Structures are given as structure tokens and as C-alpha cells.
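Enquirer: Starting from these lines, generate the structure:
(chains A, B, C and D)
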There are 2 protein chains.
Amino acid sequence: MASDHTRTSILAAAERLYADRGFGDVTLRDIVAAANVNLAAVNYHFGSKDELIAELFVTRSIATNRERLHELKMAEEQGGGRAPIEVILHALVGPTLRGCLGPENQRSTAARFMIRASIESVPPIRRIKNREIDHLRKFVGAMRRSLPDRSDVEIYWGLNFALAMAHHTIRESERLTKLSEGKCDLDDVEDVVARVVSVATMALTMGKTETKARALARDVR
Amino acid sequence: MASDHTRTSILAAAERLYADRGFGDVTLRDIVAAANVNLAAVNYHFGSKDELIAELFVTRSIATNRERLHELKMAEEQGGGRAPIEVILHALVGPTLRGCLGPENQRSTAARFMIRASIESVPPIRRIKNREIDHLRKFVGAMRRSLPDRSDVEIYWGLNFALAMAHHTIRESERLTKLSEGKCDLDDVEDVVARVVSVATMALTMGKTETKARALARDVR
DNA sequence: TTGCAATTCAAACAGTTGTATGAAACTATC
DNA sequence: GATAGTTTCATACAACTGTTTGAATTGCAA
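Expert: As a prediction, the model looks like this:
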């Protein structure tokens, strides 16, 4: 296998081009030109264009998932097998948000690639995302342990909404900036994380049918 | 202009095909075959493939937006120019959710097309979405009137999260169903709407830095 | 009917795409 | 230094894409 040089250049060039210009208008020829390798190299090393994209995406996904699970594990160990819901949610959405938000010019290629993947959602990537469920189940488990009196349905909805807020904010960050005329500071990543976690926590700790008044009655008790 | 017959068939066939198979693998030739018209008809009547897609999308967008604004206007008139935040949020996310969720087999072609548009997000559609900001500003205005003591930043974040939950739930409805093993009933549309509205309302009425306790202290007063 | 515009049609165009091929160059082993 | 295996390379392929063309057809008004 000599010196992965060609393989590596292709991966780097592809990730950068996809991040910059999207999957739609980057061809294999663009990639091999940027990587200074031969056109046939892509098919030789990766089999096909789709497999190249898939490899890029799984690499980054695995990294993010590992980060998530590490945060989760730490939190549960520290809490004796039961972590506060805020901390679990933080482990769930923190890594992604931290990777994809922040000042544009210092956003990594990897992050920009993942944003693209989230926006354009090309077939090989969608296939992989469908297998992400097992990973989410680990969070469901932790959330159940953290909130033993909440029903499963509420847990699932809370998880869904947490991911919704995180992903949508990444994906539509430009629009939110424009709409708010800069008043929403998406470069302050920790603030964004805190907001998402805070709202998701509320969603999970107050039942959906409870009015504010009823919630008060219970909590004041 | 004779009898729009050709134009209409193309629109109908295109919407159905895109809804069923996505933008990625539907070609003009597929469309004209399904519509029983000549290949050149698309360019004759619409100018280009992208303009056809754009026309499909704006038509449906306008319909949804009109529905939203109608609900909003009703609510504000009834409340003397100031509607409860729950009702405003209901007007914001209700039409879309109602259009795109519900039993699969009775989901309209239009709805399925809009789900595709939300998942695949092809260039001509993205261009149009960027002009949707003016429409959202009307909701910002209503929300400001409804919650005069909330800062603009909080309003924008609340709006962002409400849209996030609605759109993500539509887009990932299959995954949520699978993850929850059917426990989350996405066919019960009004329940979904209520959940989204409820959480968004909480996000908007409780400040992000407020702990639950502090919120209680204020509300109990 | 005649004339004129709008529409339809078959066919071809021009370009791009991902992939395959088979020879050439390289690398490491014996 | 010959050999076997890996990697690179130029090139061609085959298919598909959206779009254009110019002639044929249609529909309507004068």
C-alpha cells in the first residue's frame, strides 16, 4: 500500500471541494485536479464516487459520535450511572454544534463538510444516516435513567426536539443571522448550546399537556 | 394560450414524480413520458428545468404562507391586535405540519413534494427559500406584540426553534417512528402540533438564563 | 378560406458525467 | 537484476443530461 499519499490527497481535496461548493457541482474531475492525481485513482482507491463520499462522511460521523459518547460516559460515571438530563443533552448536541458553528473563517473544513452533508443530503449519506439509530438508542437509555418517571414517548419527543433545534440552527444559521439582523450571535457557540439544552430540558421535564399553571402547582408543592 | 392542458399535465406529472422519487433521479424525459407530452414542451412552457421546479415550489409555498397568515390575522383581529403566543405559533407551524404529516397513504402529492423539497433542497428551491424572510418577519412582528417584554433576541430564537421542531419532525418522521418503535404517533397531527407549540411557548416565555425556580418565583407573584 | 400566431413534435446537439481499460511506471522481494 | 504485485496514467467509453432547432400542426381571427 506504499504511502497512502494519493488516497489521502483525494480525501482532503474532496472534503474541501464539497465543503466549499456542495455535492451538486463538484465532479470527480474537479477533485482529481485539486488533488493532483489521475482521474482513475478515485475508482481505484475507493471503488466509486459514492463510496468516496460515504468514506468521508463516516469518518467524520464516527469522530462526532465518539465525542458524544465520551461526554455521556463521563457524565454517567460521575453521577453513579445517572446523569442530569441537561448534561446528557449537552453531550448530545454539544459536539455537533461546537464543530459546526463559531466564526465562519475559523470553521474547519470537516465542519463545513458536515454542514453541507446536512443541507444537501445526497443518497450515499442518507443511507448512512439511517444506520445512526443504534447510536441514538444509547442516549435514549441514558435519558430514561435520568428521568425514570417520564414515559418513553416523552423521552423520544425530547430527543427529537433537541436534535431538531441543533441541526436546524446549524443548517439555517445564515438565515437566522439575516432575519435577526445579527442580533442572534451564532458565533457564541456555548450560548447556542445552552439555549438548545435549556429548551430541550424544559420540553422533557414539563409534560406536554401540562399548562404552565399546572406545572407551577406541581413544582411549587 | 389555448387550453393549458400541456402545461398542467407537466406540472402534475413533475410534482408526482419528484414526490415519489426525489429530485435526484427524475429527468425531464421521465416527466414528459408521465405527462404524455413532448420533451421540448418543458422548455417551451417553463424555460428550463429549474424554472419548472421553482414554479412547483412557489405555488405550494404561497398556499402554505397564505394559510399561515390567514390564521395569524384571524387570531390578531380576535385579540384586538394582540394574539396569545400559543396561537401565533400554532399559525406558524400548524399549516405545514398538517400538510406534511398524517397517514402516509392519504398524504397529498403536494405534501409529499414539499417533504422532498425539505429533504433534498435543490438549488432553485434554496434560492426561493432565501426570499422567505419577509414572510417570517410578519410573525416576528406578531410575536413582539404578543410578548412585549421579551427581547428581540429571544423572539428570534423562539421562532427559530419552533420552525426547527416542525421541519425536523417532518423531515425525520420516519426515523422518529423507527427509533420509538411506533410509540411516537406521527399520524396524530394535532398532537404533534400541540407538542411543538407547547415547547416553543415554553422557550419563549421562560428566559434562557432563568432557572425553573426563578421562573416560578416570577410567575407565582 | 386565408393568414398568422401559438403550440407540438421528432430529431439532433453539445456537453458532462462516472467508469473501464490496458499499457506504463513504480516498488519491494527474492 | 529479474519478477510479481501494486499503483499510476492517458485515453476511451457509453450513457445520460438539459436544451435547441426547424419543420409540422393546430387553433383562431379576419
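
Enquirer: Please, which helix or strand holds the residue nearest the centre of chain A?
Expert: Nearest to the centroid of the C-alpha atoms of chain A, with distances taken as Cα atoms, centre = their mean, sits A:T96, at 3.9 Å. Under the assignment given by DSSP states H and E, the secondary-structure element containing A:T96 is helix A:85-100.

Enquirer: can I have that helix written out in CSV, keeping just the CAs?
Expert: Extracted in CSV, the C-alpha atoms of helix A:85-100 (Å, rounded to 0.1, in the frame of the first residue of the first chain):
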residue,chain,number,x,y,z
ILE,A,85,-30.7,15.5,31.8
GLU,A,86,-29.0,18.8,31.0
VAL,A,87,-25.7,17.1,30.9
ILE,A,88,-26.9,14.3,28.7
LEU,A,89,-28.4,16.8,26.3
HIS,A,90,-25.2,18.7,26.3
ALA,A,91,-23.3,15.6,25.3
LEU,A,92,-25.9,15.0,22.5
VAL,A,93,-25.9,18.4,20.8
GLY,A,94,-22.6,20.0,22.1
PRO,A,95,-20.1,18.3,19.8
THR,A,96,-22.1,18.9,16.7
LEU,A,97,-22.9,22.5,17.4
ARG,A,98,-19.3,23.2,18.6
GLY,A,99,-18.0,21.6,15.4
CYS,A,100,-20.3,23.4,13.0
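
Enquirer: Can you tell me what sits against that helix?
Expert: Counting contacts by Cβ atoms under 8 Å, 6 or more residues apart in numbering or on different chains, the residues outside helix A:85-100 that touch it are A:64, A:67-69, A:71-72, A:75, A:79, A:107-108, A:110-111, A:114-115, A:118, A:139, A:142-143, A:146-147, A:159, A:162-163, A:165-167, A:169-170, A:189, A:192-193, A:196-198, A:200-201, A:204-205. All C-beta atoms are positioned from the backbone trio N, CA, C, and that covers glycine.

Enquirer: From the residues you listed, list just the buried residues.
Expert: A:64, A:67-69, A:71-72, A:75, A:107, A:110-111, A:114-115, A:118, A:139, A:142-143, A:146-147, A:159, A:162-163, A:165-167, A:169-170, A:189, A:192-193, A:196-198, A:200-201, A:204-205 (16 or more other Cβ atoms under 10 Å in any protein chain shown).

Enquirer: for A:D152, what are its contacts?
Expert: Counting by Cβ under 8 Å, 6+ apart, A:D152 has contacts A:R144, B:S180, B:K183.

Enquirer: any bit of the lengthiest helix in chain A sitting next to DNA strand C?
Expert: Looking only at chain A and at elements set by DSSP state H, the helix with the highest residue count is helix A:49-78. Yes: using Cβ under 7 Å from any atom of the strand, we find that helix A:49-78 touches DNA strand C at A:K49, A:D50.

Enquirer: what packs against that helix?
Expert: The contact analysis (3 or more Cβ pairs under 8 Å, 6 or more residues apart in numbering or on different chains; DSSP states H and E) places helix A:49-78 against helix A:5-21, helix A:40-46, helix A:85-100, helix A:109-120, helix A:123-129, helix A:133-146.

Enquirer: Can you add distance to B:D134 and mean pLDDT and give these back as CSV?
Expert: What follows is the helices and strands packed on helix A:49-78, written out as CSV (distance: least, Cβ to Cβ, whole Å; pLDDT from 0 to 100):
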stretch, distance to B:D134, mean pLDDT
helix A:5-21, 28, 95
helix A:40-46, 44, 96
helix A:85-100, 27, 95
helix A:109-120, 22, 90
helix A:123-129, 32, 91
helix A:133-146, 36, 96
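
Enquirer: TSV for those, including distance to B:H90?
Expert: Formatted as TSV, the helices and strands packed on helix A:49-78 follow (distance: least, Cβ to Cβ, whole Å):
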stretch	distance to B:H90
helix A:5-21	38
helix A:40-46	49
helix A:85-100	26
helix A:109-120	28
helix A:123-129	30
helix A:133-146	28
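
Enquirer: Please identify the most buried of those helices.
Expert: Sort the helices and strands packed on helix A:49-78 by mean neighbour count, taking mean count of other Cβ atoms under 10 Å in any protein chain shown, and helix A:85-100 sits at the top with a mean of 22.

Enquirer: Can you give me the distance of A:A142 to DNA strand C?
Expert: Distance, A:A142 to DNA strand C, using Cβ to the nearest atom of the strand, to the nearest Å: 40 Å.

Enquirer: scratch that, A:R98
Expert: The value you get for A:R98 to DNA strand C, if Cβ to the nearest atom of the strand is used, is 32 Å.
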